[in-house]
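Peer 1: Pasting a predicted model and its sequence here:
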Amino acid sequence: MGLSLQAQLCVVVFGIFLSSFIHLHEFRKLDGFEFPVYSTEYCPRNETEWEERSTAINCSDKNGYVCLPNKNITELLEFCYTIPFIWIEEGICLYLNKRPSIVLSYNCSQFQFGCPNATHKSFDLFENPECTTIKNGCFLAEPSCYSSPKPKV
């Protein structure tokens, strides 16, 4: 019986460790920004996820939640911005610059699909997932994102 109880205890401790690790990974705070910025695997895909993530990193009515790629389009970042929301123009995606820590625009008119065709607010970003779907330094909706890699010499 002792071994069974010990095994059960190990499973519980491992489960607590694993859930803590997953939580830390999801909200890994990054250095070098002028406000708290966290790395994330994906941006919210709907309003419920948006609200949950906003609450998890303590955003408020004065500093709204935003999830965007970094300047190099290599990592997704989530943060509470300095204002409640951002107006985003038609044909524009956004990214977060590090120094200074400001949101800048990226012209997405060359996207094959999914470039926003109307002005919208940043809290509706989940309705334009192509602006946060990235891989290897590009937006997946860009034709150049699918070009074959250069051969190694």
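Peer 2: Everything's here; your move. Residues are numbered from 1 along each chain as shown.
Peer 1: can you list the weak-confidence ranges in this protein?
Peer 2: By pLDDT under 70, the weakly predicted segments of the chain are 1-27, 147-153.
Peer 1: So which residues of it form strands?
Peer 2: Here the chain has its strands, by DSSP state E, at 28-30, 37-40, 65-69, 76-80, 87-88, 92-96, 103-107, 120-121, 134-135, 138-139.
Peer 1: in its sheet, what does the last one sit against?
Peer 2: Just to be clear, that refers to strand 138-139. Partner strands for strand 138-139, per DSSP bridges, with pairing direction: strand 134-135 (antiparallel).
Peer 1: Might one say that Tyr38 is in contact with Leu30?
Peer 2: Yes - using Cβ atoms under 8 Å, Tyr38 is in contact with Leu30, at 6.7 Å. Placement of C-beta: from N, CA and C, glycine included.
Peer 1: Overlap in contacts, the two.
Peer 2: Common neighbours of Tyr38 and Leu30, counting by Cβ atoms under 8 Å, 6 or more residues apart in numbering, are Leu77.
Peer 1: where exactly do the helices run in the protein?
Peer 2: 2-26, 47-56 (DSSP state H).
Peer 1: Remind me what the last one packs against, helices and strands.
Peer 2: With contacts defined as 3 or more Cβ pairs under 8 Å, 6 or more residues apart in numbering; DSSP states H and E, the packing partners of helix 47-56 are strand 65-69.
Peer 1: Need the residues that contact the strand it packs on.
Peer 2: Here strand 65-69 has contacts from 40, 43-44, 50, 53-54, 57, 59, 75-81, 86, 94-96, 103, 122-123, 125, 131-132, 134, 139, using Cβ under 8 Å, 6+ apart.
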